[in-house]
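Chemist: sequence first, predicted coordinates after that:
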Amino acid sequence: MSDVLVLVPAHGEPVALTRSAWDATVDFLADHQAFHESLLEAWRRAPGVTVSDLQATRMAGLADHEAEDPFTAAEDRDGLTRLARFCRASGGFLVAGPEAMPAPAPPPEPEPEPSLWADRPLPAEPVEEEPPAWQQRLRRILGPFAVIVIFLVKWLAKLKILLLALPKLGFLKIALVGLLNLGIYALFWGWPIAALVIVLLLVHELGHALAFKAFGLGVARIGFVPFIGAYAMSKEHADNVWVNAVCALAGPAIGGLGCAVLWWYGHEANWEMIRAAATLGFFLNLFNMVPIVPFDGGVVVAAFHPYAWFAGLACMAGLALVFPNVLILLFLGISAWQAYSMLKRYRSGDPETLRFYHTIKPWQRLAILLMYFAVAILLAAGYFEAAPPRPQ
């Protein structure tokens, strides 16, 4: 198997890189679960594999997202930006063997030596020549791959012992983060209510998973976000904003139904702890309907128009003024950064991004709007019905 591969883009000139750089790039995509495992496994069998224009655009979006992450090291951002620029401009590319690289141009014929009797010109001052254009382009394109390789080597070196001891790290990581969240919630509400809240969070994510299955996207995993909540990931990305919005709305809808069932059981059994957990679940699902990314409400209102996020930012800022606390200010900062990053990509005129947001029919926009307000109103009604009466 050759140690050299050649990326042959649909637009532009072929680019050579080492197999280790390509393998590191595929591992980078696998760590972020950007593509299905079968597709990643096919890419590992290079040469002779292709990356479509849509897949290259997704790679570019992932590189842009990592470059704009405030936690990304400053020396890595430039390389990730160059990787995104290459993928976006390639129009898709073929990963071929070294034979796909065009042969270099033959050197020019040497000029004949002048006669010994001819007047020879004085030797000119040596001029440092710039490297050829293809070498400059090669350095710009291969820069991101080198960044990825260095990042993965450093990361694996730190986790070498842990990876050897815990071969099932993915499942154990999810379980450990779930236990961490359980312990944090228990500090505020006690162990029984904290355990019920964890169950309600999983019911919420189950709603997303059912929607992923219904649209044929598949379910990659359901896990927990440290200190915050839980998440569900699909194996395939939604093709348009309509599918994305319905999948996002399914979480609060199913989560609210689970809270209603729990509150009914607590009411019938006259069990105050159960009713308290249901009340908290109603509140969490209702808060998740705030119309700003990364909340489900922000994903839903994007079906109407991404500029609707400004209304969500205004709501979050008003909430921070009325109820100032660290958690709301943290959410406000995260939401502002996410909205800025996504609106920047939308305003850049990227064809794939515009197609994603514009491929929606008028009746679908109206349906999403009606469903959004219906779920929000039902969650609010459930919360105020379940909440204990305030003392007069």
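Modeler: Cool, got the structure.

Chemist: hmm, who's touching the helix or strand hosting Gly382?
Modeler: Gly382 is located in helix 362-386, with elements delineated by DSSP states H and E. The list of residues contacting helix 362-386 from outside it, by Cβ atoms under 8 Å, 6 or more residues apart in numbering, reads 242, 245-246, 249, 252-253, 256, 259-260, 263, 275, 278-279, 282-283, 285-286, 289, 297, 300-301, 303-304. Using the backbone N, CA and C atoms, a C-beta is placed for each residue, glycine as well.

Chemist: in helices, which of those residues fall?
Modeler: For those, the ones inside helices are 242, 245-246, 249, 252-253, 256, 259-260, 263, 275, 278-279, 282-283, 285-286, 297, 300-301, with DSSP state H as the criterion.

Chemist: which residues are in contact with the nearest residue to Gly258 once chain neighbours are set aside?
Modeler: Once flanking residues are discounted, Gly258 sits nearest to Val203: 3.7 Å by Cβ to Cβ, 6 or more residues apart in numbering. When contacts are counted by Cβ under 8 Å, 6+ apart, Val203 touches Ile254, Gly255, Gly258.

Chemist: residues near the last one, how many?
Modeler: It refers to Gly258. 21 (other Cβ atoms under 10 Å).

Chemist: what about Val293, which SS state?
Modeler: coil (DSSP: H, G, I helix; E, B strand; the rest coil).

Chemist: distance of the nearest residue to it once chain neighbours are set aside from Asn181?
Modeler: Among residues not flanking Val293 along the chain, Gln338 sits closest, at 4.4 Å (Cβ to Cβ, 6+ apart). Using Cβ to Cβ, to the nearest Å, we find Gln338 at a distance of 21 Å from Asn181.

Chemist: okay, the two: which has more neighbours?
Modeler: Asn181 (21 against 18).

Chemist: you'd agree that one is up against Phe224?
Modeler: Yes. Counting by Cβ atoms under 8 Å, Phe224 is a contact partner of Asn181 at 5.4 Å.

Chemist: contact partners for the most centrally placed residue in the chain?
Modeler: By Cα atoms, centre = their mean, the chain has its centre lying nearest to Leu62, at 6.2 Å. Applying Cβ under 8 Å, 6+ apart to Leu62 gives the contacts Leu29, His32, Ala34.

Chemist: would TSV of those residues with secondary structure and pLDDT be doable?
Modeler: Below are these laid out as TSV (DSSP: H, G, I helix; E, B strand; the rest coil; pLDDT from 0 to 100):
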residue	secondary structure	pLDDT
Leu29	helix	80
His32	coil	76
Ala34	coil	72
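
Chemist: mind putting those residues in a markdown table, neighbour count included?
Modeler: Below are the contacts of Leu62 laid out as a markdown table (neighbours: other Cβ atoms under 10 Å):
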| residue | neighbour count |
| --- | --- |
| Leu29 | 19 |
| His32 | 11 |
| Ala34 | 17 |
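
Chemist: quick one, helices of the stretch 1-150 of the chain?
Modeler: Assigned by DSSP state H, counting those that start in this stretch, the stretch 1-150 of the chain shows helices spanning 19-31, 37-44, 53-68, 74-90, 133-158.

Chemist: okay, buried residues for the first one please.
Modeler: Using 16 or more other Cβ atoms under 10 Å as the burial criterion, the residues of helix 19-31 that qualify are Arg19, Ala21, Trp22, Asp23, Ala24, Thr25, Val26, Asp27, Phe28, Leu29.

Chemist: which elements pack onto it?
Modeler: Applying 3 or more Cβ pairs under 8 Å, 6 or more residues apart in numbering; DSSP states H and E, one finds that helix 19-31 contacts strand 4-9, helix 37-44, helix 133-158.

Chemist: what's the model's confidence in the second one, averaged?
Modeler: Helix 37-44 shows an average pLDDT of 81 in the prediction.

Chemist: swap in the longest one?
Modeler: Per-residue pLDDT values over helix 133-158 give a mean of 48.

Chemist: shift numbering so it begins at 571
Modeler: Noted, 571 is the first residue going forward, which turns the last one into helix 703-728.

Chemist: from what I see, Leu854 and Leu766 are in contact.
Modeler: No. Using Cβ under 8 Å, Leu854 is not in contact with Leu766, being 11.7 Å away.
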